[in-house]
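Enquirer: sequence and predicted structure are below.
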Amino acid sequence: MKSADIDLFEKLNAQLDGLHQEISTLTRKSPNDAVNAFKLGLINTILEKCNELLGDDFRPFSDFSVFQLDAMPSNSDVNFILSQYIECAEQFRSDNIFVKNGAWFWRVEDSDDETRRTNIPKRFGKK
């Protein structure tokens, strides 16, 4: 990955996590309520950027790109989709990192610098 792609991934991943936490809270309270247009617009912006970065190989669903504003999905629908994007983003990250001397680093295409550290993949961090 290029350094700029890593920067973008880290930002999008943080945004996905934040959106997921927010929508999860709403889902626990009112799973069938519709997400308002303002929130849906922000969510779609993040999903569009994720789709571009993840590409066809890592997108969760080939036939889904963003929510339709006129359909107004429920909190639980949005929560489900965000969960899938988070899992696929983690797979994308796992495929672009390596371990050296017990530390995890990004594979950076446009630099010989191996100091771009990251966290252990979630699949290895779970006990």
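Expert: Received it, and whenever you're ready, just let me know what you need.
Enquirer: quick check: longest helix of the chain.
Expert: helix 3-29 (DSSP state H).
Enquirer: which residues sit against stretch 71-79?
Expert: Stretch 71-79 is contacted from outside by 20, 23-24, 26-27, 30-35, 37, 40, 43, 67, 81, using C-beta atoms under 8 Å, 6 or more residues apart in numbering. For glycine as for every other residue, the C-beta is placed from the backbone atoms N, C-alpha and C.
Enquirer: do stretch 99-113 as well
Expert: Counting by C-beta under 8 Å, 6+ apart, 1-3, 6, 96-98, 114-121 sit against stretch 99-113.
Enquirer: so for it, what gets flagged as buried?
Expert: Of the residues in stretch 99-113, 104, 105, 106, 108 count as buried by neighbour count, 16 or more other C-beta atoms under 10 Å.
Enquirer: ok, what's across the strand from the third one?
Expert: The residues listed as beta-bridge partners of residue 106 by DSSP bridges are residue 97.
Enquirer: just the helices in this protein please.
Expert: Chain-ordered helices for the chain, with DSSP H as the definition, fall at 3-29, 37-58, 75-94, 122-125.
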